[in-house]
Each structure stands twice: as C-alpha cells, then as structure tokens.
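**Q** with the input below, show me the fold.
(chains A, B, C, D, E and F, ligands or ions: 6)
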Amino acid sequence: MKTHQAKRVEIIIEEPLAGRLTDALIEAGVTGYTILPVKGGSGRSGRWSRAGQVSRGSGMVAVVCLIKPERLDTLLDAAFSVVEKHIGVVSITDAHVLRAERF
Amino acid sequence: MKTHQAKRVEIIIEEPLAGRLTDALIEAGVTGYTILPVKGGSGRSGRWSRAGQVSRGSGMVAVVCLIKPERLDTLLDAAFSVVEKHIGVVSITDAHVLRAERF
Amino acid sequence: MKTHQAKRVEIIIEEPLAGRLTDALIEAGVTGYTILPVKGGSGRSGRWSRAGQVSRGSGMVAVVCLIKPERLDTLLDAAFSVVEKHIGVVSITDAHVLRAERF
Amino acid sequence: MADILSLATTNLISPIILSFVLGLVAALARSDLTIPEAVAKGMSIYLLFAIGFKGGAGVATHGVDATLIATLVAALILSFALPFIAFALLGAMTRLGTLDRAAVAAHYGSISIVTFVAATSVLESQGIFSEGYMVAAAAVMEAPAILSALWIVARSGAKGTGTMDAGLYREILLNGSIVLLVGSFIIGMVTGEEGLATIAPFIIAPFQGVLCLFLLDMGLVAGRGLRETRGEVGPGAVVFGILMPLIGSIFGLAAAFLVGLSPGGAALLMTLSASASYIAVPAAMRVALPEAKPSIYLTLSLGVTFPFNLAIGIPLYTALATALVGGAP
Amino acid sequence: MADILSLATTNLISPIILSFVLGLVAALARSDLTIPEAVAKGMSIYLLFAIGFKGGAGVATHGVDATLIATLVAALILSFALPFIAFALLGAMTRLGTLDRAAVAAHYGSISIVTFVAATSVLESQGIFSEGYMVAAAAVMEAPAILSALWIVARSGAKGTGTMDAGLYREILLNGSIVLLVGSFIIGMVTGEEGLATIAPFIIAPFQGVLCLFLLDMGLVAGRGLRETRGEVGPGAVVFGILMPLIGSIFGLAAAFLVGLSPGGAALLMTLSASASYIAVPAAMRVALPEAKPSIYLTLSLGVTFPFNLAIGIPLYTALATALVGGAP
Amino acid sequence: MADILSLATTNLISPIILSFVLGLVAALARSDLTIPEAVAKGMSIYLLFAIGFKGGAGVATHGVDATLIATLVAALILSFALPFIAFALLGAMTRLGTLDRAAVAAHYGSISIVTFVAATSVLESQGIFSEGYMVAAAAVMEAPAILSALWIVARSGAKGTGTMDAGLYREILLNGSIVLLVGSFIIGMVTGEEGLATIAPFIIAPFQGVLCLFLLDMGLVAGRGLRETRGEVGPGAVVFGILMPLIGSIFGLAAAFLVGLSPGGAALLMTLSASASYIAVPAAMRVALPEAKPSIYLTLSLGVTFPFNLAIGIPLYTALATALVGGAP
Ligand SMILES: Nc1ncnc2c1ncn2[C@@H]1O[C@H](COP(=O)(O)O)[C@@H](O)[C@H]1O
Ligand SMILES: Nc1ncnc2c1ncn2[C@@H]1O[C@H](COP(=O)(O)O)[C@@H](O)[C@H]1O
Ligand SMILES: Nc1ncnc2c1ncn2[C@@H]1O[C@H](COP(=O)(O)O)[C@@H](O)[C@H]1O
Ligand code: NA
Ligand code: NA
Ligand code: NA
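**A** Residues are numbered from 1 along each chain as shown, chains lettered A, B, ... in the order given. Ligands and ions are numbered 1, 2, ... in the order given. Next up, the predicted model:
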C-alpha cells in the first residue's frame, strides 16, 4: 500500500492551555489534530495524577498532529509560542501516512 | 538490551468502527493491539469533543499496533478496507521492540 | 526551530504494576514520564476492555517516556526488570524534542 | 388555545427546560462548563433504567391492555413509514443529497428517549394517566427507521451504501439503549409493584433532578454543536426540523386513535413520532452511511427538533391529545 | 426445604438478580450496552461507603457485642484457612497447575463485598437482624487469603513466585476497598444514629436501586468475560466454583456457631466464606503471581460463584442459618 | 467560648469532616483508594447545581431583600481587596517571590465553594437562617481576586506576566463553576418553591451524603498533594494559611455588619472571605502566571486553609456571627 512521508508531532501540555495550543496550530495551517487524555505523570515540577481532581488546573493532555514534513517548522513555531513559558513537552517522530491528501 | 525492528501503526478511527477494525486486524494475523481513548480533535469534518456525549456516534479512538515489519502490508490492507470510506487517520512509524517473539 | 535527538519509549503495562514501573524509571535517572489511559486491547492473553470494570486488576496503561539517546539502555534495563514476567509491550522510536535540557 | 399557551408557559419555566437553556447559553457563550462523558452516560443509563422499570411496573399494575399488541404494531409501522415522509419532505424543502436526506430521515423515524421522558414528566405533573407499555413502543420505534433509510439509499442506487453487514443488524437491534429499555421494562413487569417499592427511592424520587442535569448536558452538547456547524444547515432544513415533528405527531395521533390509546398514551405516541434520535441512529449512520454529514443530522435532531419538542411540542401534543382523544383513562 | 425453595424463588425474581441477568444476557448477546468504568467505580465506592457506615452506625446503636472480637478472629482464621481447602480441592478436581490453583484459592479465601451487600439486602427485606460489625469481618477477610496463597506457592517451590516486595504488603492491606470499608465503618460508629440520620437519604433510601445498576454492570462484565474465555475453564473447575462456596459456607456456619452470632450474622459469615473476591485479589495476583491466568480465576469468581451465590447460595445460607442458629436476636 | 468549643466538637465528629479525614489518612498512608475524576467532577456539578438552586428558591420565597445589591457590592470589593492583604502578609511572613505571592493571594481573595457548602450545612443543622442570595455573593467573589493578583504582578514589573489575553478574561468570567452557580441560582429564583418541590428529592435529600463522598475525595487529593510537596511550603507559609482566613473572616464580618446581613448571612460572608479557591483560580494561574508554583498555592489552599476552615473556621465564624450580629432573622 502506498504511504507518504509525514511528521508525527506529540505535544504534552497543561489542559488549561490546550485550547490556545490548538488555536495556534489551526492558525499555522495544520489541517487536523487529535487530543488524548492523560492520567498522570512526572517531571521536574513533580508527580501528578488526575485521579479525583475537580479543577482543570492540574493535569495535561497529549495533542497528536500528523503533518506534511514541509510544514513542520511552522507548526513548531506555533506550538513553541504557546508552550514556551509553560509546562509541556514537544516530540517529533518521522512517520508515514495513508491518504496524504488529508494532511 | 537487545531490541528488534518493528512498525508502530496508529489508527485514529471513529468509535463505532473500532470493532470492525480490530476484527480485520486479527484476521490479518495481527497478534495484538491496544486501544487508547481520545478526548477530541479536529479535521476536515470539523472540531469535536467527547465531553458530555452520550452517543457512541461521535468520537474516535486510537488503535496502536506493533508488528513485525514484514507484516505491515497485510495490516495496512486490512486497516484500509475498514477506514477507506470513513473518517480516520493511519500513521506508521519505525520502532524497536523488546521480546520480538510476541509480535 | 532547533530540535534535539531523543528516544520515545512507550511501555504498555498492567495497571497494578504501573507504580513499580515508574519507580524503577525514576531510579534509572529518567527525568519525566507521562501515563496515558488505555481503553482495551488484545494480545496472547485474550481480548479485554476497561468498560464497567471495578477492579484495578484487569487493564493496562501506556507509559510514555522521552529520553536522551544515551540513557536508553539504562531505561530499558529498568523497564525490563519490571515488565519481564508480566504482560506488557515495550517499543522505542527515534524522536526529536524541543528544549533538550529537560530530558 | 389559551390552555395550550398556559401549558406552554408553565412548561417553559420548568426546571427541566431552564436547565437545557442554561446549558445552551453556557455553550454558546463559550463557557468551559462541561459534564464528563462518563457522568452523562451514567445519567442516560439511569434514565433508561428508571423509565423502563416504571413502564413495566405500570403494566404489572394495570394489566396488559388489549391494545398492547396493536400499539406495538402501530409503533413499528410509524417508525418504518416516517422516514419516507421525512425523505420526501427534505427533497422538497432542501438541496441536501440523497445520503444526507436518508440519514436525516432515519433520525426522524426513530425516537429520542429523553423527549419521551420529558413528556411522561409533563403528563405526571398534570396527573394524566398513560399506558406503561408506551415504553415498549418507544423501544420498538428505535430501529426500524434505520432500515427504511438504508432501503431508500439502496433503491436510489447512491454510491457509498456503506457496509450493511450482519454485524450492523445486530448492532442496531441490540443497541445498548434498546436492550436496557426492554430489559428494565421486563424486570419492572416481572417484579411489579413490589419491585418498584424496593427501588422507588432511587428511580422515582430523584428522577426529575437527574433529568435536569441531563438536560443541562444536552444543552451544552447542542450549543457546542451549533457553534461548530458553520452554515451547513440552511433555513429550509431548519424549517424541516420544526415541520417534521408536527407532521410526525399527527401520524402518531392518528395511530393512537385507531389503536384506542388513552389521551396520555396518545400524547406519548405523538411525542415519539415527533421526536428524532440522537443516540442510537447517529452511531448506526457512521457505520452504514459514512458519507452522510453528522453536522447536518445532529444539528437538526439535537439543535432544532429536540428543543422545539421540549418547549412547544410536548405541551402542544398533550393539549391536542387530551382535547381530541376523549374518554376517561 | 419448601421454605428454602420459596425463598429462592422470591429471591430469583428480585430486581437485583434480574438486573444481573439482564447484564449477563446483554453481554452474551453481544449488545454494546456498557456502563462507563468511572460510573461503575463510583457505584462501588458508594456501596462500600454505605455498607460500612450502616454497619458502624448499627454497632453504635446496639453497643459492642462481646462477640465482636471473637467474630473478627474467626473471620481472620477463615480467610487464612479456606485457601488451603480450595487449593487441595482444585488439585483433586482439576488439572490446573500450582500457580493457577493458588491464585484461585486466594480468591475463595477472600470475599466479594457485593455478595455480602446482596445478603444484607435479603436479610433486611425479611426483617432478620444481623450484627453491624459483620462489615468489619468482611474487611478483615479481604487480605489474609492472599498471604496463604503466596505461602502455598512459596512452599511448593514453583517458579515465578513473583515479587513479594514490601510494596505489595502495603497494597494488599491498604487496598482501597478495605480502607473505605473500615473507614466508613468507623465514621458510622463515631457519628452513630445522628450521623446516619443526616445521610440516610443518600446511603439508605437509594441503596437498592444503585445495587441494581451495579449488578447490571457485573452481569455485563461477567458475560463479556465468559465470552472471551475460550474453554480454559473445564467442567471440573466449574463444579469447583459451585462446591467450594458450599464448603466455605459450612465452615462459616461452624465459626458463627462457635462465636455465638445471631442467625442473621451467621448467614452473613456463611456468605462471606462462600464468596470469592473479584476486586482486590485479582489486582494483587497480577503483581504477585503474574503467571497465573486471569481468565481462570475471574471466570470462576465472577462467572460461576458470584451468580451461584446470588441466586441460590444466599437464600440457602439464610435458610440454614435461621433454621440451625436458633435464638432470638 | 464554651459554646464555640462545643460547636467545634460537634462539627469535628460530623460525617462530613470525618470523611475528609478518612481521605487524608488514606492518601497519607498511600492507600490506592481513589475516586474517578469523572465522578468527582460529577459530584461537584451536583453540589454547585443544588446550592445555586436552593439559594435561588430561597430568594423567591423570602423576596429580594434591600440588602441584596449591597451584599453583592461588598462581596465584589472583598474579592478585589483581600489579595492585597494576602500579598503583603506573604511578603512579611515568607520568602516567596512576587509571582508565587501574587498567585497565592489570588486564591485567598477568591472562594472555595465547598467550604461555603459546608458552612450552609452547619447553619442548616443548627436552624440558623441565611439569605439565599449568599450564593450569588459566592459567585461574585470567584473572579475579581484574579484580576487583583494580575494587577499586582503587572505593577511589580515581574517578568513572566503571562498572557493576559482576551481569552483569559472570558475563561475567568465564564468559568464553569460561576456559570453553573449563577445559572442554577436564576433557575431556582424563576421556578421558586414549586420548582424546588419537583427536584427536592434530588438536590436536598441526598445532599449531605454526596458532600461526604466529595470531601472524601478532597481529603484524598489534599493528602496526595501533601505527600508530593517536598518542603516547598515552609512554616511561615503554613502559618499564613491559618492566619489569612482569620483576617479574611474579620473583613467579611465587618462587611456583613455594614450591609446589614442576618447572623447566618454574616457567617457565610465570613466563610467566603476566609476560604481559598482550589478549582477556578488554579486553572487561571496556570495560564496567566505559569511560573508560579502550583505546589505552593495548592498546598496552602487545599492542604492547610481548607481543613482549617472545615474543622475550626466554620464553627468559629458561626459562633462569632451569631454572637456579634444580633437581631432576629
Ligand atoms: N521526559 C518526559 N517524557 C514524557 N513526559 C514528560 C517528560 N518530562 C515531562 N513530561 C510530562 O510533562 C509534565 C510536566 O513536566 P515538567 O515540566 O518537567 O514538570 C510531566 O508531569 C509529564 O506528564
Ligand atoms: N492531521 C491530523 N493529525 C492528527 N489527527 C488528525 C489529523 N487529521 C484528522 N485527525 C483526526 O481525525 C479526525 C477526523 O478527521 P477528518 O476526517 O479530517 O475530519 C479528527 O477529528 C482528528 O481527531
Ligand atoms: N502487538 C501489539 N501491539 C500493541 N499492543 C499490544 C500488542 N500485543 C499486546 N499488546 C497489548 O498488551 C496487552 C497484553 O498483551 P499479551 O501479553 O500479548 O496478552 C494486550 O491486551 C494489548 O493491550
Ligand atoms: Na420520530
Ligand atoms: Na470466601
Ligand atoms: Na476568600
């Protein structure tokens, strides 16, 4: 089956900022993204878990975005502008996709 | 630690079709898969979120499948037959796995 | 935007063991990880789903860990010591990250 | 007429309706108020279980009416027939393609259980009797409309007829809400008054309150849906979303008349015919008619017809049924 | 005997049992009906909190019986001892390996709190008194069986003895359901009748109804489990799943007799001894005996013994206890 | 004084407080007891809806007092003003940086709705009247403190002033809990006694019980938070977490006096002033002051001030208010 080069960008970011991040992604010309829930984690700012939490304040989500390789830099700039001062992790992986016209 | 080449296939697909997809994967000889929940996303068919939803109709899941590289084509054919007319995104990444006998 | 080489390790493991795994990771010098919920899956030990489950006994989680490439082996050893006799899948992907100082 | 208006007004300022409005307004104002998916599903399971059980216990108390079978047959026919009317009407009133028209038609032939629940609440608050087995009629009406819609598509020869596989039939017929409704109806029938007494503090006392929170959630979901729908639903379609329930309700009224239902039963059959699915049918459409646009059928069903029925339809149907379907309960 | 039968029949057509049957049937018919995990967990927290609190308030009202300590000690011994019987029985009746037998044995030494809850409901509906501190006995019986099973494995020298680390001891003893049960028991004891009065509309009135939905969920989970188990559980094991609770209940009866429990208390101790864990022990087994197959112990506990106890065991134990353990409460 | 002590003691052994303690102890002992996020959120939605509705229905019954507007204005001023006091106090008592001090100050100017709910429960249990519109005062006090804190930061010229964009204003003002509280308050006011009667079995009868489980969850979250905080909160900050509510409550008392609230209303305004946010403000801080450390403000708000208010503050404020704010209701 024919596949096409793409980049898979995964941004783990605080939930209260997710809306700002996705708005920035859309503005940067991203055609789609998917948000996965996160149960908990650990980093320099300590360990956390969503269990029993009522506030949106504590907790993160994972935003996954598949894009054409040539759009990567625009996306990263957009993402970085939001993530910069905030807690968050951005990773990029080489990927292949079916149906390239979608990305 | 010794690792083995593998492919990581991630299929983001509408929840009502997840059962058909995994049946097709199993039929195609896949030995295992994992289904992750999805909170929301955006694509050509607009933005959506699972928040407050009662119907299984709206919403997607992510199916992650690790396989031996030589099985990739069979898997993609199987996945494509289900995803084809439907909303869904298929991506493939090169990966390494521990305990190759499992895949 | 400048990115840095990293490894993305994804460990799908039974929930009752997640605490032991993350303790082992921290001990192995990992600076952070993120835990994603899992809805269901299938493997050699059959098909399962979290739907309606009360017990923590059945069900898995996905632990995602981004690390500097040179730390991979220590991490895999730590992970393997926990996963060894248990149900679980470990995969490694080449990745790039922003803000390398975090990993 | 004055009666209908006063009924409508009382209805409009009920906690139930106002909760829906609150959700709608919050979503349109882009508040971050949300009810977790699991809680929303939990509430819908509660409502289905409670309404099914109460219906069954009602049948156990009042005995199985001679009209039970006739009502179920009428319900079956209504659900099969209404999609054809809806499909034709959409052809006349909108420019939607065959697939979208068929998908919308399936929704209007099927039913919305929460609209039904709201109607039973209105009847109860007015002390109007209704047959317990109307719950069974609701269950019967969930699925047939889907088959009619798929038949319409197959006949039209439209491409993309989806995969009408055996799995889909099972999914449609053994869909969670049908199974829960029918199951709890049978449990209510078997355990009767005595069973009801055991769990009444759970399924009767807090029912109205749970319904409020559930409608708050539906308002939120409907409001978010309306915000995301950017002009895909034209004015013709919106008018359809109001006209079709009225037409449906007339067919429901006629059927109730033929079958010999009580005024309350007639009001419920009108409500069922007038309501449009938003749980079971959308999921079936994603599998069977994937090319049909969810933004169209969900907006019409949840954003137009549901609030119309809630605010105006139910009091109207109740008033018509009690006025026209004479006779003491 | 006629008594037992009539009791069993009344029991069989209670909303609780029928809800379990509904779930089982729905799952076996492959309906997509599911209760969200969060809702199921929420219900189990509610049930544990309510049953613990009521037990504690009962103790506050009736005073601490002289038999309290004796009962807890008896419970402890039962939980430690029953796994040995179960392990031996499995050796005689099945071809399961050491690890699987030990894991199953741990489940049968421990208890199923929802079986206990169902038994208290039956007692209440029949107006039979039972000691409030039976809840504490339930909590006491959760963990010791696990230690017995691990000891059996260690002694047998089977490989894969898992990691019996310090963490595991803490996990077993401070497991959520034990902590919640004991904690709410103490709160109930401290706040007494007055505290109970404040929250009775929450923990007493809707209790039976929540139990119905919880059993619906257990039916769904059990049914799905049975469907996935492809013949790993042979007929010998199934017979064990029915024989073992009977044996356990006899030990429970003897202990109740020795300790001097009321008939109701005896019925509950029999039920505890007869029931098999499906929440705490499975999680512990995944850590301590990872090579033991969940499909075996879960199928037996949830798919065989739980429904057996629910439908036949509880009325049987109640009838035996009231017949044999004479004396006014 | 003896009065306060006896009140405090009764309060301390209420199911509500003990549930919180149970959660705290379970978390500190590292039990795996957890309440699912969705269930916790569902309970908080229930509490907000119920308290708002009851407040609104109370206003509908007792009529709109002349003091309503004055109370809301007083609440507004308190919420704007208290952060300045908190900020100065933190400067004197701790070595925290500007950003952390400002973030903490925002929490103490805002309110904790569950503390408010607990206070209304205490008042109700003692038969003390309070104005229904105190709920509206609570809603009014949620947001202004955030603006004060951001203004303090902006003035101080501290780097990292975050993105105080238009989106943030909307998020703060249309934050889910404010919208739900105000919305249900209005629904309660519009539907009045009659509306309340319909849903009382849902929002009144089980209220105390749900509050227990919610406080159990808060205890768990607070306990886990305390465990993760490794010494970032020094003794000075802890003392602040006890002193600040006392200071806040005095301002609240003065305002209640000026406005002419009833003793019960005064106790509630004191409680609001004394309480610290842990839902709305933390989320806003993550966006607006990302460099401020959550471990500091969450530990103080949830781990120190919340339990202090629950155990000691509320009975104290109630005793003071009833002693000092004379006059029959
Ligand atoms: N190396 C990492 N790999 C995966 N997730 C991470 C990593 N570092 C941080 N995270 C996630 O990002 C959150 C915040 O990280 P931090 O800013 O380091 O406290 C953590 O709680 C994790 O969920
Ligand atoms: N480029 C993408 N990257 C990640 N997820 C995507 C992407 N495009 C679409 N999706 C996901 O697939 C869903 C349907 O996409 P679409 O068919 O384009 O509307 C979206 O709502 C997203 O959850
Ligand atoms: N090849 C695979 N790809 C993705 N997930 C897998 C794979 N194999 C197993 N898993 C996950 O690991 C769980 C246990 O696998 P197993 O030990 O093979 O039964 C499965 O239920 C899946 O969630
Ligand atoms: Na209809
Ligand atoms: Na047992
Ligand atoms: Na305050």
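
**Q** what about the helix or strand residue A:66 falls within, near chain C?
**A** Secondary structure assigned from DSSP states H and E places residue A:66 in strand A:60-67. Yes - judged by C-beta under 8 Å from any C-beta of the partner chain, strand A:60-67 comes into contact with chain C at A:60, A:62. Glycine gets a C-beta too; all of them are placed from N, C-alpha and C.

**Q** which bits of chain D sit near chain B?
**A** Contacts of chain D with chain B, taken as C-beta under 8 Å from any C-beta, map to D:34-37, D:40-41, D:44, D:160, D:162-163, D:167, D:171, D:217, D:220-221, D:224, D:228-230, D:278-287, D:290-291, D:293-295, D:298.

**Q** for residue 50, grab phi and psi.
**A** Defaulting to chain A. Phi and psi for residue A:50, reported as degrees, to the nearest 10, are phi -80, psi -10.

**Q** actually it's chain D I care about, not the one you picked
**A** phi -70, psi -50.

**Q** distance check, the residue lying closest to it once chain neighbours are set aside against residue D:49.
**A** Residue nearest to residue D:50 in three dimensions, not counting chain neighbours: residue D:203, with 3.8 Å by C-beta to C-beta, 6 or more residues apart in numbering or on different chains. As for residue D:203, its distance to residue D:49 is 7 Å (criterion: C-beta to C-beta, to the nearest Å).

**Q** equivalent analysis for residue A:28, please.
**A** Residue A:28 sits 47 Å away from residue D:49 when distances are taken as C-beta to C-beta.

**Q** stretch D:125-139 and chain E, are they touching?
**A** No - Stretch D:125-139 does not reach chain E (C-beta under 8 Å from any C-beta); its nearest approach is 12.8 Å.

**Q** could you look up the SS state of residue D:60?
**A** helix (DSSP: H, G, I helix; E, B strand; the rest coil).

**Q** show me what contacts it?
**A** The neighbours of residue D:60, taking C-beta atoms under 8 Å, 6 or more residues apart in numbering or on different chains as the test, are D:132, D:188-193.

**Q** so which residues on chain A come close to ligand 1?
**A** Within reach of ligand 1 by C-beta under 6 Å from any ligand atom, chain A has these residues: A:12, A:41-45, A:48, A:60, A:87, A:89.

**Q** could you dump stretch D:130-148 to PDB, C-alpha only?
**A** Provided in PDB are the C-alpha atoms of stretch D:130-148 (Å, rounded to 0.1, in the frame of the first residue of the first chain):
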ATOM      1  CA  SER D 130     -50.600   6.900  30.300                       C
ATOM      2  CA  GLU D 131     -50.100   3.200  29.500                       C
ATOM      3  CA  GLY D 132     -47.000   1.800  31.000                       C
ATOM      4  CA  TYR D 133     -46.200  -0.100  27.800                       C
ATOM      5  CA  MET D 134     -45.600   3.100  25.900                       C
ATOM      6  CA  VAL D 135     -42.000   2.500  26.900                       C
ATOM      7  CA  ALA D 136     -42.100  -0.700  24.900                       C
ATOM      8  CA  ALA D 137     -43.500   1.300  22.000                       C
ATOM      9  CA  ALA D 138     -40.500   3.600  22.300                       C
ATOM     10  CA  ALA D 139     -38.100   0.700  22.200                       C
ATOM     11  CA  VAL D 140     -39.900  -0.700  19.200                       C
ATOM     12  CA  MET D 141     -39.500   2.500  17.300                       C
ATOM     13  CA  GLU D 142     -35.800   2.900  17.800                       C
ATOM     14  CA  ALA D 143     -34.500   0.700  15.000                       C
ATOM     15  CA  PRO D 144     -36.900   0.200  12.100                       C
ATOM     16  CA  ALA D 145     -36.400   3.700  10.700                       C
ATOM     17  CA  ILE D 146     -32.700   2.900  10.100                       C
ATOM     18  CA  LEU D 147     -33.700   0.000   7.900                       C
ATOM     19  CA  SER D 148     -36.100   2.200   5.900                       C
END
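
**Q** rewinding a little: show me what the strand holding residue A:66 is packed against.
**A** Applying 3 or more C-beta pairs under 8 Å, 6 or more residues apart in numbering or on different chains; DSSP states H and E, one finds that strand A:60-67 makes contact with strand A:4-14, helix A:18-27, strand A:33-37, strand A:88-97, strand C:33-37.

**Q** how about that strand: buried residues?
**A** For strand A:60-67, the neighbour count (16 or more other C-beta atoms under 10 Å in any protein chain shown) marks A:60-67 as buried.

**Q** find the centremost residue of chain D, please.
**A** Geometric centre of chain D, nearest residue: residue D:112, 1.8 Å, by C-alpha atoms, centre = their mean.

**Q** residue A:28 and residue D:49: which has the busier surroundings?
**A** Each of residue A:28 and residue D:49 has its neighbours counted (other C-beta atoms under 10 Å in any protein chain shown); residue D:49 has more, 27 against 18.

**Q** a helix runs through that one, doesn't it?
**A** Yes - per three-state DSSP, residue D:49 lies within a helix segment.

**Q** low-scoring stretches of the chain, by residue?
**A** Using chain A here. Across chain A, not a single residue meets the criterion (pLDDT under 70).

**Q** right idea, wrong chain: chain D
**A** For chain D, applying pLDDT under 70 flags the ranges D:1-5, D:7, D:159-164, D:326-329.

**Q** list only buried entries from the residues of chain D next to chain B.
**A** Neighbour counting over the residues of chain D next to chain B (16+ other C-beta under 10 Å) leaves D:34-37, D:40-41, D:44, D:162-163, D:171, D:217, D:220-221, D:224, D:228-229, D:278-287, D:290-291, D:293-295, D:298 as the buried ones.

**Q** just give me the neighbour total for residue D:258.
**A** Neighbours of residue D:258 (other C-beta under 10 Å): 10.

**Q** so what's it up against?
**A** If you count contacts by C-beta under 8 Å, 6+ apart, residue D:258 has them with D:70, D:74.

**Q** which strand or helix spans it?
**A** Residue D:258 belongs to helix D:235-259 when assigned by DSSP H and E.

**Q** cool, and residue A:47?
**A** For residue A:47, the enclosing helix or strand under DSSP H and E is strand A:46-49.

**Q** and what of residue D:64?
**A** Using DSSP H and E, residue D:64 sits within no helix or strand.

**Q** how many neighbouring residues does it have?
**A** With other C-beta under 10 Å as criterion, residue D:64 counts 13.

**Q** look up how far residue D:196 lies from it.
**A** 17 Å.

**Q** one more: residue D:263?
**A** As judged by C-beta to C-beta, residue D:263 and residue D:196 stand 24 Å apart.

**Q** which one's more surrounded, those two?
**A** residue D:263 (23 against 20).

**Q** so the top helix by length along chain A versus strand A:60-67, what angle?
**A** What stands out as the longest helix in chain A, according to DSSP state H, is helix A:72-83. Relative orientation of helix A:72-83 versus strand A:60-67 (axes from the mean of the first three to the mean of the last three C-alpha atoms, to 10 degrees): 160 degrees.

**Q** quick one: contacts for residue D:189?
**A** Each residue near residue D:189 by C-beta under 8 Å, 6+ apart is listed here: D:56-57, D:59-60.

**Q** tell me which two in those residues are the farthest apart.
**A** The distance between the two most remote of the contacts of residue D:189 (C-beta to C-beta) is 7.3 Å, for D:57 and D:59.
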